[in-house]
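In: pasting the structure only:
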């Protein structure tokens, strides 16, 4: 089995899931949140697209299990509406 190359994504508080396989999200999202927390980024926008809502539901299920997540909600109209989720992290000092 040939391993795929590691993909480097910028840790800038925006995670666009359009180029990722849904099966990778269980690891990708927690890893990205941890990397943001290390960079003191406390607000993350996860772009999942509008579609049928299945990917959004998966993202929200993963977020509910993350201890570093303070809260999350759908983005306002000017930041992606129901095609994106805003995630607010607990600061590193309180974890």
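Out: Nice, thanks for sending it over. Because the structure is predicted, anything quoted here is derived from the model rather than measured.
In: Please count neighbours and contacts with C-alpha atoms only from this point.
Out: Will do.
In: which of the residues in the biggest helix by length in the chain are buried?
Out: Longest helix in the chain, counting residues (DSSP state H): helix 25-38. Buried positions in helix 25-38, judged by neighbour count with 16 or more other Cα atoms under 10 Å: 25, 28-30, 32-37.
In: Just the helices from this structure, written as ranges.
Out: Going by DSSP H, the chain shows helices at 25-38, 54-64.
In: I'd like these as a markdown table, with distance to residue 88 and mean pLDDT appended.
Out: Converted to a markdown table, those look like this (distance: least, Cα to Cα, whole Å; pLDDT from 0 to 100):
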| stretch | distance to residue 88 | mean pLDDT |
| --- | --- | --- |
| helix 25-38 | 10 | 97 |
| helix 54-64 | 10 | 97 |
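In: Reformat those helices as JSON lines; add distance to residue 83.
Out: Shown next, in JSON lines, are the helices of the chain (distance: least, Cα to Cα, whole Å):
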{"stretch": "helix 25-38", "distance to residue 83": "16"}
{"stretch": "helix 54-64", "distance to residue 83": "8"}
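In: show me where this structure has strands.
Out: Secondary structure of the chain by DSSP state E: the strands cover 14-16, 43-47, 69-74, 84-89.
In: Show me what the shortest one is packed against.
Out: What it means is strand 14-16. Applying 3 or more Cα pairs under 8 Å, 6 or more residues apart in numbering; DSSP states H and E, one finds that strand 14-16 contacts strand 43-47.
In: what sits up against the strand it packs on?
Out: 13-18, 33, 36, 75, 80, 83-89 (Cα atoms under 8 Å, 6 or more residues apart in numbering).
In: The same query, at a cut-off of 7 Å, please.
Out: 13-17, 83-89 (Cα atoms under 7 Å, 6 or more residues apart in numbering).
In: how far away is residue 38 from residue 27?
Out: Per Cα to Cα, to the nearest Å, residue 38 is found 17 Å from residue 27.
In: typed the wrong thing, it's residue 54
Out: For residue 54, the distance to residue 27 - Cα to Cα - is 18 Å.
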